[in-house]
Every structure is written in C-alpha cells, then in structure tokens.
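S.K.: No sequence on hand, only this structure:
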C-alpha cells in the first residue's frame, strides 16, 4: 500500500493558498539542475506614505470572494506546493518541493499527506495523464529550460516562479472532474519517493511505446480526410488564440524590461537632486522634495513591475503553453480518426480484392501440384472472411474510441474555455486596479510637492507685502 507521510490532523498545517500564476522561466541546459537560495530580492514597500486600497468591497476582492465561495462547496481535495530544498549528489544538484495534500475523498486512506517531489516527477505525472486521457486537456507544466539571458541560473526568483507554477499545475488537476480521479495522481500525492520510483517502472515497455509512436507518426502523415466541422472551428480558434497570447506575452515581457530600465534611470536622479541642494541655498527645500518624491515614485514603480512579473506575466505565459497542449490534444484526436479511416479503407480494399481475385491462375497452379481446387477455394474464402471479420471488429472498437475521444474533448474544451475566461478576466481586473493604485499614489506624491511649493510661495509673497 503506497502512502506518503500522513500528517496529524490536530497539528497546525499550512493554509491552502489562493490560485497562483504559472511560470515563465525554466532550467538551463542540464536536466533538473537547480540550486536554492534563501536570499530574497523582493522590494519592501512598507515605508510608503500612501496607502493601497484593499478593502473587501474592492472589485478584485469581491470577484475573488465570489469565486472562492462557489468552489468551496464542491472542492474535496486541496494541494499546496511549497518549501523548496536543494539536494546535492555526486552527479547532480536538484530541487525538491514539498507537496501537502488535504482531502475528504474516501479512496484516500488518510485526510492529509506530505511528500517531496522534483520537477521530473511532475513531468512523469503529466505524461501519464496524457497517456491515459489523450483527448483531455492536461494543464501545462513550466518549460524545462530557461531562455538565455532572461534570468540568472538557479536564483531565488526562478525557484519561486517554478514553485508557483507547479502549485498551479497540481491544483488545476485537483479541480478536474476526471484527471483528479486518476490513480497516478493519487500515487503522486501519497507515495514516498522509493514507492513512486517503483510505480514508474510499472509502465508500458519500450517496444510498446515505440509501437504507439510509430502508429501516431503514420496517422499524422496520412492525415484526416473528414474532420468534423466543430473540431475545425476549435483548431481555428486555438491558432488565433495562440497568436494573440504569444504577442501579449512578448509585449508584456518587453514592457517589464523597459520599466526596469526606466527605474534604473530614475534611481540615479534622486541622489543628483540631493547633491545639488548642497550648493543652492535658495533651492534646498524644493530640491530635497524632488529627491524624496522621486524616491517614493521609484518604490511604487518597483511594486508595479513586481506585480506584472509575478501576477500578469505568468498567467499570460501559462496560456501560451496551454495553446501548445491544445494543439497536441487535437493532433491525438486526429490520429484516432486517421486510424479509423485507414481501417475502413483497408476493409474496402480487402473486400474488393476478395471479389476480384483471379481464380484461373490460382486454380491451374493448384491442379498442377495435386490440390483439390474446391478445397483451396473454400480455404481462401475462409481466410478472407476471417481477415474481414477481424477488420470489422477493429473498426467497431476504433469507432467507439473515436466517439469517446470526440465527446471527452468537446466537454473538456467547454470547461477549459470557461476556466480560461475566468482566469484572464481576473488578471485584467487585478491589473486595472493595480494600475489605478499606482497612478493614484504617484499623483498624490506630486500633488504634495506642488502644495508645499505653493504654500511656500504664498508665505513668501505675504512677507514681501509686509
């Protein structure tokens, strides 16, 4: 019986966090080589004078509250990914993540589990789910490799980004009505490392996997002749959606890069104003105020860039990856239909060959070797009938398989669209509120500067009149 570390229900456990965004950044070169750093690079905004509005009545909080309230009544499994740890061996360095599970499902022996998993374990789970459910939309994993120049290798930001992406991956599976019931998912959440390694070895052998690959390649080359119109529409939507999301992802990355460069330039202005105030007695206060205002606006801009990097960009990139998953699902559906069509063609060919087979030469040859022509004819007829019967049985099975594939994909497509629209709507609302808060705070900073200068000018005018 496979079971992970069972957590005592009476002991304090980590609260289940809100849905977190996916990852943009992945590993570079070597498989699963990672180093964990405890240094934090996030900015502290506690010194800001302007307060950020996060009241329960705000649009974002209200939206999230309603969404969580709807899910709380039906959700029966909660998964948290946290506490990354580095592991160094003689041949590799890698990161493992703690996976905490809380559930009320009867098929689990306990209500709480705690295991540690590395990236390749998550990849194994995704592969098993796709293998068992080829036309269901399995959530995407963050890429294995990082793009050159986008992040320092093995830094803390990368570890944090990947952790959030893996958390999102598991919770999307947990929310899925079919994938969450997979035995492989249960094993992943509950089995200790050695038990999981043993379970991985129970999969299909190399020859079986090679046969599946060959059949898939053959079906892809052959193509589909009569794809249902609804799947043509899905494919067109996915292509257009992929183009839009890829463009948004690239533009957002470029905006973040430019905002970071802008911040570096602004940071250099503050000290210049401060130094300048030392040589201008009449402008001391205005120059110091300018330096202070720029410093406060810099902190606000850093928070805004941090939000774009940690909240908006990951959700956009996750759906870029989702489009690749959708394309793969559509290809697998097409492969099933292509195999079904090929079997039908083979059956038609077999029937034609059976009816049009030349008997003269065959019977003449059989007579020469001393065989009974009638007996030979009956044997050939029986052989053809057996082959045709086998083909019909295979076609019946493929027809059922194709119908099941079409129905599951249509159902999961509707579910995916609903989830996608809710995710993007929430991300856009959060971005709008974040932008409003950013500009309101910066406006308040500069208004305070103008007010102070006008007050000083008014006081100076009164002194001149007196």
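M.R.: Yep, that arrived. As the structure is a computational prediction, the values presented were derived from the model and not from experiment.

S.K.: Residue 322 is in contact with residue 140, isn't it?
M.R.: Yes: applying CB atoms under 8 Å as the test, residue 322 and residue 140 come out as touching, 5.3 Å apart. No exception for glycine: its C-beta is placed from N, CA and C like everyone else's.

S.K.: mind checking which helix or strand of this structure has the lowest mean pLDDT?
M.R.: Here the helix or strand of the chain ranked lowest by mean pLDDT, DSSP states H and E is helix 59-72, holding a mean of 45.

S.K.: Could I get the full set of strands for this structure?
M.R.: 5-6, 77-88, 93-103, 112-118 (DSSP state E).

S.K.: for the ones you listed, which one sits closest to residue 126?
M.R.: Closest to residue 126 of these is strand 112-118 (CB to CB; 12.2 Å).

S.K.: Check which residues of the closest one are buried.
M.R.: Neighbour counts over strand 112-118 (16 or more other CB atoms under 10 Å) mark 112-118 as buried.

S.K.: Give me the helices and strands touching the longest helix anywhere in the chain, please.
M.R.: Secondary structure of the chain per DSSP state H: the longest helix is helix 373-465. Helix 373-465 sits against helix 59-72, helix 229-277, helix 284-307, helix 313-356, helix 360-368, with contacts defined as 3 or more CB pairs under 8 Å, 6 or more residues apart in numbering; DSSP states H and E.

S.K.: Format these as JSON lines; extra columns: distance to residue 447.
M.R.: As requested, the helices and strands packed on helix 373-465 are exported to JSON lines (distance: least, CB to CB, whole Å):
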{"stretch": "helix 59-72", "distance to residue 447": "24"}
{"stretch": "helix 229-277", "distance to residue 447": "18"}
{"stretch": "helix 284-307", "distance to residue 447": "10"}
{"stretch": "helix 313-356", "distance to residue 447": "31"}
{"stretch": "helix 360-368", "distance to residue 447": "100"}
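
S.K.: Tabulate those in a markdown table, adding columns for distance to residue 444 and mean neighbour count.
M.R.: Shown next, in a markdown table, are the helices and strands packed on helix 373-465 (distance: least, CB to CB, whole Å; neighbours: other CB atoms under 10 Å):
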| stretch | distance to residue 444 | mean neighbour count |
| --- | --- | --- |
| helix 59-72 | 20 | 12 |
| helix 229-277 | 17 | 14 |
| helix 284-307 | 9 | 18 |
| helix 313-356 | 27 | 18 |
| helix 360-368 | 97 | 12 |
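
S.K.: what about those helices, which gets the closest to residue 97?
M.R.: Using CB to CB, the nearest of the helices and strands packed on helix 373-465 to residue 97 is helix 313-356, at 16.6 Å.

S.K.: Could you check the angle that closest one makes with helix 284-307?
M.R.: On the basis of axes from the mean of the first three to the mean of the last three CA atoms, to 10 degrees, helix 313-356 is oriented at 20 degrees to helix 284-307.

S.K.: Against which helices or strands is helix 313-356 packed?
M.R.: Applying 3+ CB pairs under 8 Å, 6+ apart, one finds that helix 313-356 contacts helix 156-175, helix 206-222, helix 229-277, helix 373-465.

S.K.: before we move on, back to that, got the angle for the longest helix of the chain vs helix 229-277?
M.R.: Using the same axes, to 10 degrees: helix 373-465 against helix 229-277 is 30 degrees.

S.K.: What's the mean pLDDT across helix 373-465?
M.R.: The average pLDDT within helix 373-465 is 87.

S.K.: what's the offset of it from the middle of its chain?
M.R.: Distance, stretch centre to chain centre, for helix 373-465: 10 Å (CA atoms, centre = their mean, to the nearest Å).

S.K.: could you give the angle of it to helix 156-175?
M.R.: 130 degrees.

S.K.: Nearest the middle, which residue of the protein would you pick?
M.R.: residue 140 (3.5 Å; CA atoms, centre = their mean).

S.K.: how about it, phi and psi?
M.R.: The phi/psi pair for residue 140 (degrees, to the nearest 10) reads phi -80, psi 150.

S.K.: Does it touch residue 323 like I think?
M.R.: No: using CB under 8 Å, residue 140 makes no contact with residue 323, being 9.0 Å away.

S.K.: All set now, cheers.
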